[in-house]
Each structure stands twice: as C-alpha cells, then as structure tokens.
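1. structure, please.
(chains A, B and C)
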Amino acid sequence: MSILAFLSDFGLKDPYVGIVKAVLLGINPSLHIVDITHQVAPQDVMGGAFVLGSAFREFPEGSIFLAIVDPGVGSKRTGLLATTKDYTFLAPDNGILTMAFRRSEDVRCYSIENSRYFRHPVSNTFHGRDIFAPVAAYLSLGIRPSSFGPVCPDPVWLTWPEPAVKDRCIEGEVIYIDGFGNLVLNIPADLISCHHLNRAYIKGIEIPLLRTYSDVEAGSPLALIGSSGFIEIAVNQGSAAELLVVDVGEPAVLSQT
Amino acid sequence: MSILAFLSDFGLKDPYVGIVKAVLLGINPSLHIVDITHQVAPQDVMGGAFVLGSAFREFPEGSIFLAIVDPGVGSKRTGLLATTKDYTFLAPDNGILTMAFRRSEDVRCYSIENSRYFRHPVSNTFHGRDIFAPVAAYLSLGIRPSSFGPVCPDPVWLTWPEPAVKDRCIEGEVIYIDGFGNLVLNIPADLISCHHLNRAYIKGIEIPLLRTYSDVEAGSPLALIGSSGFIEIAVNQGSAAELLVVDVGEPAVLSQT
Amino acid sequence: MSILAFLSDFGLKDPYVGIVKAVLLGINPSLHIVDITHQVAPQDVMGGAFVLGSAFREFPEGSIFLAIVDPGVGSKRTGLLATTKDYTFLAPDNGILTMAFRRSEDVRCYSIENSRYFRHPVSNTFHGRDIFAPVAAYLSLGIRPSSFGPVCPDPVWLTWPEPAVKDRCIEGEVIYIDGFGNLVLNIPADLISCHHLNRAYIKGIEIPLLRTYSDVEAGSPLALIGSSGFIEIAVNQGSAAELLVVDVGEPAVLSQT
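-> Here you go, the predicted model:
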C-alpha cells in the first residue's frame, strides 16, 4: 500500500479535492491518501512550498506527494515529476517544490509529457484531475518515472529569502504565519546555538528567545525553536500575528543581549 | 473494497462527519470513505445538488454516494435510495439528487422504510447517523436495494434553471460560485461550439470567451469552458465573484460578436 | 485494522494534521484514521472535551482516540493514556477527556513517560507529532498500556457545569454552539420526561419544547432533544445563535407551562 500525500489550494467547499481522489482511486484502489492541506491561499505558490517543505520528511520512505497550487494551469508551464532519495513529487513546474528540494538529496526531474497516462479530454483548467492524478496513480502502480516524459534539466526554483548572518545578529523575515498566529522566520534553528543569540526584535519590540510557550505568562510574546526547524515568534496561549499585527515579509532580527 | 463518497452541509467544526463515519465503519470496516465536501452552505439543497452533480461521474463504477443536506429532517420527507447504471445514491428526498439524475441512466428509486437497518433509537435531528449511514453500510455489504423499502415512483426534482437558447445568443445565469470566485453558468459547454459564441455579458460588462486563464492578463476577466462541463466566468489569478460583485442567480448572456 | 479517531485544534490550513498522520502511518501503515474535527477553537479544552464526549461512543469497540488541544505543551503537564471498558484515549492531561470519562466505565489512566516510544528529538511545541502519535501507533500494534508509563491516579477533570434541578424547572446553560447555530444546553434529555417540562427560557424569551425542527415555522425557535443526548435550542432552517445572539455560558431554564 502506497501513501499519496496531497496538498493544494483547492479549498474544502468545492468538489475538487474529492474529484482528484476519485481519479486516483479509480486507477489504484489501494492508494492510502493523506491530506496535508487544501487551504493554501489561492495561487500562493510560496505558501504551498513552505507547508509542503515543513511536512514531507515526516512521511514514510516511498511516499508520493501531489502538490497542486497552479496559477499557470492551461498555459505553457509543464508538469513536473521529481524523484529524490526517499520520495516522489508531482507538481506544476512553478517553484512549489523549492523548499522540498532544498531539504532533499538526489533530486531528479522529469517533464510530464506522455499523454498516454492522462485522463482525456484534458481540460485547460483542472490538470490536477486530468494529468497529475492519473500520473500519480500510475506511478504508484510501479510505472517508471522516465515513462512519463523526458528529464527536465532546469525546474523552476523560487528565490528563497535567505537570512543575513552578521557578526552578532541574524537578519531574517517572517515567511509563514500558522493558524495559531505563530510567526515562522526564515532562520533555521541550528544557526542559534552557534551564535549565542537570545533576543528577537520585530517591529521594534524586543522579545526573549526561550524554550517553550509556558516560559512566559499567558498573553506574552516569546521566540522559540518551532516544530518545522525554524525560529518562531509566538504568544503563550494567544496569537502573535494578532498581538503584533504582522504579515508575511515583516523583517525580524535575532541578536545577543 | 467499496468507495463511499460523502457530501453534506455538516461543516468541519462539529463531530457530525466523524460520527457518520464511525457508524459506517462499525458496520462495514472495509469501506473506503472519500469526502466530497461538508461545506455546502447550511440547508442549501441546490448548492449540494450542483456539487454532487459535478463530482459523481469521476468516481469508479459501483461507488455509493451519501448526500446529506436535510432541512426537513424529522418531518415527513422520506429517505431515498437511488440506483443508476453505475452508482447508488442515498439522500433525503428533497431534490439534492436532481443534477446527478440528469446526468445518469436507468435511475430507479426506493423509499428507505425498513427500520431493521436503522440505528436505534432514531433521533429527530440526525438521520445521517441513524438512517442513512447504517443503510449505506449494509448496502455496501451486499444487501439488495429493494430490501430497504418500496419503489418510490416520484422522487423530488428541483426545477432546474434551463438556459434559453435564442437565435444568436444563449441566456443563462450563475448557478454556482466556487472557492476561487469562478462563476459557473447553467450553460453546458457543448452548446457553445454549435452556436459560434465568443462573448459573455454579465452586469453589462463584455467578457471574451477564450481557452484558458492565461489568455488574459492577471486580474482580467474571461469566460471559458470549466472543468464541470459548464461555461464559467473567471479572472486570471483573481476572483470573478469579487471583481464583478456577483451572487448565484445573476443573469449572464453568451453571444456572437 | 484499528480505527484511530483524531481530534485537535490544529486547524486545516497548516500541515500539522498531516504530519501527525504521517508519523502514525510510518509506524502502523494499516491504521484507519478518522478525523473527528480539527477545528476546536485554539486552546479551547472545554470545547474539545464536549466534541469528543459527543462523538466517541459512536465508534466501534477497540477504537483509539487521539485528542490534542494542548495549551500547556512543553510545560510540566504530563501526557495521558486512558483505557476504558471499550476504548483507549491519548491526550494531554488537561481535562479534555472529562466528558468522555463521565460517559465511560472502568477508566484507568497512565502517565506517558517511556521515551523509548517517542519520536526524537522531542520538540517543546509539538507533542502531537513527537509523543502522542508514536505512542498511539505503537499502542495500536499491541504494546500494552502499562508499557508507556506508570498509573496516573489523579488525572485532571474539568469542573462540569451541572444543571440545577429544582421543583418545577431545571436551570442550565449553553455549553456548546454547533456550526448550524444550535445551542446545546448542559441538560440531559432524560431529565425532561420525568419532570414534564415543556418550555425553555433564554434571554427572557419563551421557547416551546417540541419534537423536531419542522414543528415550528421556518425561522422560528424551538427547544428539542438534540442528537448528542442534551437539550438544544434551535431555529427551524436558521441559526439560533444568530437569532438570539447567544454565546457559550448563557443561562437557560426549562420549566412547566
């Protein structure tokens, strides 16, 4: 039994997620489909890249990922099939795999071109149903990646907002805000220990870098190592996004006292 | 292993969806349950009919559909078990199967009356749990449709808003707005080609009928053939519902230049 | 095949629910995971307790429940593994199992302490992934409850808002508001019949206690026995929460005419 992990911006109001699953199960009834999320903001490729990149390494080796945030559907952008040391990914070639690629070894990409594995007729608006779902299902049945199309030598990578590591501080920014209002920074946790940092600054406010939520009183902000491996700014039993009125892209700095 | 596709207006905040699945799996542990959506607007039978009607034909032959939008629960409306050439449907007899019936052959309906297959006691507010779920589960185990009740000769059909096909135009209306803000019209795609139509008009605005989103600039509106087989009015990388401030029922016309 | 029923306040926008499922399936690929809800209000332990307590008895004997609403994650609160006559529960020891315990026999609790069954390193912010998911998965494989830690003699119970049964009336309050706007009171249905009550009062408004929604006109309020076994105040084809402008905690009285 293969696991097929599914991420999209389809939302849950419409039948789109169910339709993709119907096509998948029509071809491979024994697929075990796991939703990552379908509430990526519409057409937010960068948001989808972060959510996928945070989640995929928790899945068992051999899992297949279907990641569909696809503002260019029906245009000339190609579909991508990417294999890595442990996983396979299917997605439009628009950069949504950027963070997954950064965290993977042995990335190899193919352009999905072999229409023999498509659902026909292929619509101009729903390649999730007509191309990615059937290709994912056939792949899960053991069809080799190279059967779906030629090697793609230069998949799209998004420009990643790298943090600036200075002498006594690291300058970063908010790259994701989760449903609890936690602000995820683009600063990996392993940069902290070697730099002895213990303070965060955002919008001019100084916030202590601590171990866990309850190290401050309910309603107070703190910075800590988040579960995705990045530094987060949070509020104990509250929402940092609401308290600090912050959006994605807001600069943040970690420094020594 | 049977597929049970499940649609409702239960929402995802409350335990109702999980409770229905618990009852289903308690009777048939090998059912493969696939959610279509549970975010039909509360008691919006017509919206549920559209979503179900757009989705069901993608499912494998033999799938069972549970469609519960049930403003009349506890009143005298009966429960319906409908078989078609390829599928079985369970739903309150309130018209929610209208679009599915329009797209099916060999429709045959039964009234669900045999309380031997119900969960007892039967509540007055949650027939999804007490009647439809156990009946669906027993049906998936091979109990014959006629075991659940007598033939129902006249199930409820909603009045479908048929488009008016004129000499050089088709007059229709918006029947569904999806989560991306796409406006689905009641005009089937196959009417377009034979009438050489290439323009849509909605709220006095002229919109070109094109092939795909990227045929216009980001932020601009277009009409195109949607994935459900109907004409849609959309905005490339945006929301037509927001740009045009439109609700379900808004008139729209397709015509020649 | 075991059923693992999963409830949390993780929401559906972020990858947290998918990550927990990935960890579960990595250890026990044959688990059948059923979502109860992931839209408990952030950190609302009492709301989570109600939703879990309303749902769990519908699941087949032997089901495992994972209930994660965890404002104290990373602090000294322990994790709880509770066995009852029919089920097993895993949750932070913060009272979220209170209503389930009230409706169960033979409750026995263990503190989850054996780090041999944890995912390492254990984060300070996501014990759902690092502790509860792997413990649940190993438990589903047959590891004995006592292997995970010592007996916990005094798990946290929330103070339950008991109704006050008077001579000719019962004084209660709203304990939950569902997605349809139905107001669930803390008054069990079986108290009604023995007291011959037929009227509800909330915010000074008198509301008849009837059998089902359609016993009043569309848009009118009524009280009735809800599917969770408690009295509810509802509006036929409408929202009582909106019509009556009520929040959780609002007092309500049932009485004789």
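2. just how off-centre is the top strand by length along chain A within its chain?
-> When secondary structure is assigned using DSSP state E, the longest strand within chain A turns out to be strand A:169-177. Centroid separation for strand A:169-177 versus its chain: 17 Å, with CA atoms, centre = their mean, to the nearest Å.
3. kindly report the same for stretch A:20-31.
-> For stretch A:20-31 - counting by CA atoms, centre = their mean - the centre lies 23 Å from the chain centre.
4. buried sites along it?
-> A:20-28, A:31 (16 or more other CB atoms under 10 Å in any protein chain shown). C-beta: built from backbone N, CA, C; applies to glycine.
5. now the closest residue to chain C within the stretch 151-257 of chain A. Nearest residue, chain neighbours left out?
-> Closest to chain C within the stretch 151-257 of chain A is residue A:212: 3.0 Å, counting by CB to the nearest CB. Leaving out its chain neighbours, the residue that sits closest to residue A:212 by CB to CB, 6 or more residues apart in numbering or on different chains is residue C:74, at 3.0 Å.
6. follow-up on the earlier one: adjacent strands (with direction) for the longest strand of chain A?
-> strand A:164-165 (antiparallel), strand A:183-188 (antiparallel), strand A:251-255 (antiparallel) (DSSP bridges).
7. is the helix or strand that contains residue A:55 positioned near chain C?
-> For residue A:55, the host element (DSSP states H and E) is helix A:45-55. Yes. Counting by CB under 8 Å from any CB of the partner chain, chain C is contacted by helix A:45-55 at A:51-52, A:54-55.
8. circling back: any idea which of the strands paired with strand A:169-177 is most buried?
-> strand A:183-188 (a mean of 23; mean count of other CB atoms under 10 Å in any protein chain shown).
9. identify the residues contacting it?
-> Taking contacts as CB atoms under 8 Å, 6 or more residues apart in numbering or on different chains, the residues outside strand A:183-188 that touch it are A:50, A:160-163, A:170, A:172-178, A:202, A:226, A:228-234, A:240-241, A:244, A:246, A:250, A:252, A:254.
10. farthest pair within the buried residues of stretch A:20-31?
-> A:20 and A:28 (12.9 Å; CB to CB).
11. which stretches of the stretch 101-250 of chain A form strands?
-> With DSSP state E, counting those that start in this stretch as the criterion, the stretch 101-250 of chain A has strands at A:108-112, A:164-165, A:169-177, A:183-188, A:199-202, A:205-208, A:221-225, A:230-235.
12. next, the contact list for the closest residue to residue A:3 other than its chain neighbours, please.
-> Leaving aside its sequence neighbours, residue A:3 sits nearest to residue A:63 (CB to CB, 6+ apart; 4.4 Å). For residue A:63, the contacting residues are A:2-5, A:56, A:87-88, C:22, by CB under 8 Å, 6+ apart.
13. same check, this time on residue A:76
-> Counting by CB under 8 Å, 6+ apart, residue A:76 has no contacts.
14. likewise residue A:256?
-> So residue A:256 contacts A:168-169, A:195-199 (CB under 8 Å, 6+ apart).
15. any chance of these in CSV with pLDDT as columns?
-> Converted to CSV, the contacts of residue A:256 look like this (pLDDT from 0 to 100):
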residue, pLDDT
A:168, 88
A:169, 93
A:195, 71
A:196, 80
A:197, 88
A:198, 90
A:199, 94
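16. please report which of those residues has the highest neighbour count.
-> residue A:197 (21 neighbours; other CB atoms under 10 Å in any protein chain shown).
17. show the contacting residues for the residue nearest to residue A:228 when sequence neighbours are not counted.
-> Counting by CB to CB, 6+ apart, residue A:228 lies nearest to residue A:54, which is 4.1 Å off, once chain neighbours are set aside. Neighbouring residues of residue A:54 by CB under 8 Å, 6+ apart: A:99, A:176, A:228-229, C:15, C:19.
18. so does the lowest-mean-pLDDT helix or strand in chain A get close to chain C?
-> Ranking every helix and strand in chain A by mean pLDDT, DSSP states H and E puts helix A:190-195 at the bottom, with a mean of 77. No. Residues of helix A:190-195 contacting chain C under CB under 8 Å from any CB: none, with a closest distance of 12.1 Å.
19. if we look at that helix, which residues are touching it?
-> By CB under 8 Å, 6+ apart, helix A:190-195 touches A:163, A:165, A:168, A:170, A:197, A:209, A:225, A:231, A:254, A:256.
20. report the beta-bridge partners for the fourth one.
-> I take that to be residue A:170. Applying DSSP bridges, one finds that residue A:170 bridges with residue A:165, residue A:254.
21. please tell me how far the spatially most central residue of chain A sits from residue C:213.
-> Geometric centre of chain A, nearest residue: residue A:52, 2.4 Å, by CA atoms, centre = their mean. Going from residue A:52 to residue C:213 by CB to CB, to the nearest Å gives 43 Å.
22. kindly report the same for residue A:129.
-> 37 Å.
23. ok, those two, which is more surrounded?
-> residue C:213 (24 against 21).
24. just give the closest residue to that one, not the sequence neighbours.
-> residue C:236 is the one closest to residue C:213 (CB to CB, 6+ apart), at 4.4 Å.
25. contacting residues for that neighbour?
-> Per CB under 8 Å, 6+ apart, neighbours of residue C:236: C:213-220, C:222.
26. include distance to residue B:106 and pLDDT when you put those residues into CSV, please.
-> Listed next are those as CSV, based on distance: CB to CB, whole Å; pLDDT from 0 to 100:
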residue, distance to residue B:106, pLDDT
C:213, 34, 93
C:214, 33, 92
C:215, 38, 94
C:216, 40, 95
C:217, 39, 95
C:218, 36, 94
C:219, 40, 95
C:220, 42, 97
C:222, 41, 97
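27. could you work out the most separated pair of the residues you listed?
-> Every pair of the contacts of residue C:236 checked by CB to CB; the farthest is C:215 and C:219, at 13.3 Å.
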